[in-house]
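**Student:** Here you go, sequence then predicted model.
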Amino acid sequence: MTIFFLKSMLSLLALVLAAYGMYTMFEIVGRQAAADQAVRLKRRHRISGYVYVLLFVLVSYLCVGFLAASKAEFSSRTALHVLLALAIIALFIVKVLFVRRYRQFYAHARTIGTLLGILTFALVGMSAGFYLTVSRFGLDRTEDKSVYYSLRGPFLAVRQVAVPSAMAIRTDRLSIARGRTLFMSRCAACHDPASTRTIVGPGLKGLLRNPVLPVSKRPATPESIRFQLRQPMGRMPSFAYLSEDEIADLIAYLNTL
């Protein structure tokens, strides 16, 4: 089980607890439950909240541990995940204060609880939902960077246990031809393959014979090009929708420039 898969499953469980917490809240305040039933619902709501916080902390710990160990660069999607997580933390603290200390704002705790559920749904959908979809529920690990890391020690420290294998460049004429067709339809409007002059992006002549890529300054390797297509820099759009075969064909063509 990879770190991403574990994180995704824990996130789904947190989402279920958030949904149950919203349900119990709606039953208590929306349907005016009987006194004995209201007591039971409040106790279940509180327990689900405690477990939700525990899972949130654990998932956050796994995410921070992986980022620290892998030294991964923030993508726009990662930044949005962080903002949503911080918003959930802030709202949860405010809700606890309204319920425990500032009782004059108690009525607003219901709205905050609803917002917490909605933000949790958005956060889990964009992280666990996305991962489980593209990985076919963990069966396809080609997009899972956490396969090279594992949890070690009593405090679940993230440690690198392997390194990605080098991506072999295809050299057959069919792959190069497919890559050229793909380049002309998706890339040629912004990149000149025959020179280094800038159109919208830099020209790509001799791209893989240079020490570094022209904009990101990462090593000029197939792995760096693949990363740039998935998580581009500057004004370049993302090509994360390309399949592994399409990327391999595109790199095969770039290798001929």
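**Tutor:** Sure thing, it's come through.
**Student:** what kind of secondary structure is Ala69 in?
**Tutor:** helix (DSSP: H, G, I helix; E, B strand; the rest coil).
**Student:** Assess the claim that it and Tyr149 are in contact.
**Tutor:** Yes - using Cβ atoms under 8 Å, Ala69 makes contact with Tyr149 at a distance of 5.9 Å. All C-beta spots, glycine's among them, are computed from the backbone N, C-alpha and C.
**Student:** which neighbours do these two share?
**Tutor:** Listed contacts common to Ala69 and Tyr149 are Val158, Arg159, Gln160; contacts here mean Cβ atoms under 8 Å, 6 or more residues apart in numbering.
**Student:** Return the residues in contact with the first one.
**Tutor:** Val158 makes contact with Ile3, Leu62, Gly65, Phe66, Ala68, Ala69, Ser70, Tyr149, Ser150, Leu151, Arg152 under the criterion Cβ under 8 Å, 6+ apart.
**Student:** Return the entry from the residues you listed with the maximum number of neighbours.
**Tutor:** Greatest neighbour count in the contacts of Val158, by other Cβ atoms under 10 Å, goes to Ile3: 23 neighbours.
**Student:** Mind pulling up the pLDDT for that residue?
**Tutor:** You'll see Ile3 listed with a pLDDT of 91.
**Student:** which residue sits closest to it in space, ignoring its chain neighbours?
**Tutor:** Ser146 (3.8 Å; Cβ to Cβ, 6 or more residues apart in numbering).
**Student:** mind listing what that neighbour touches?
**Tutor:** Thr2, Ile3, Phe4, Phe5, Phe66, Ser70.
**Student:** Quickly note the distance from it to Val158.
**Tutor:** 8 Å (Cβ to Cβ, to the nearest Å).
**Student:** now do Phe239
**Tutor:** 29 Å.
**Student:** Return stretch 77-85 as PDB; C-alpha atoms alone will do.
**Tutor:** Provided in PDB are the C-alpha atoms of stretch 77-85 (Å, rounded to 0.1, in the frame of the first residue of the first chain):
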ATOM      1  CA  ARG A  77      -3.400  21.900  -7.400                       C
ATOM      2  CA  THR A  78      -1.200  21.300  -4.300                       C
ATOM      3  CA  ALA A  79      -1.500  24.900  -3.400                       C
ATOM      4  CA  LEU A  80      -5.300  24.800  -3.600                       C
ATOM      5  CA  HIS A  81      -5.200  21.700  -1.400                       C
ATOM      6  CA  VAL A  82      -3.200  23.600   1.200                       C
ATOM      7  CA  LEU A  83      -5.600  26.600   1.100                       C
ATOM      8  CA  LEU A  84      -8.600  24.300   1.500                       C
ATOM      9  CA  ALA A  85      -7.000  22.500   4.400                       C
END
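**Student:** quick one: contacts of it?
**Tutor:** Residues from elsewhere that reach stretch 77-85 (Cβ under 8 Å, 6+ apart): Phe56, Ser60, Cys63, Ala72, Phe74, Leu119, Ala122, Leu123, Met126, Ser127, Phe130.
**Student:** Could you save these as a markdown table and add columns showing distance to Leu41, secondary structure and neighbour count?
**Tutor:** Listed next are these as a markdown table, based on distance: Cβ to Cβ, whole Å; DSSP: H, G, I helix; E, B strand; the rest coil; neighbours: other Cβ atoms under 10 Å:
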| residue | distance to Leu41 | secondary structure | neighbour count |
| --- | --- | --- | --- |
| Phe56 | 22 | helix | 21 |
| Ser60 | 28 | helix | 15 |
| Cys63 | 32 | helix | 20 |
| Ala72 | 42 | coil | 14 |
| Phe74 | 41 | coil | 12 |
| Leu119 | 22 | helix | 18 |
| Ala122 | 26 | helix | 16 |
| Leu123 | 25 | helix | 25 |
| Met126 | 30 | helix | 14 |
| Ser127 | 30 | helix | 22 |
| Phe130 | 33 | helix | 15 |
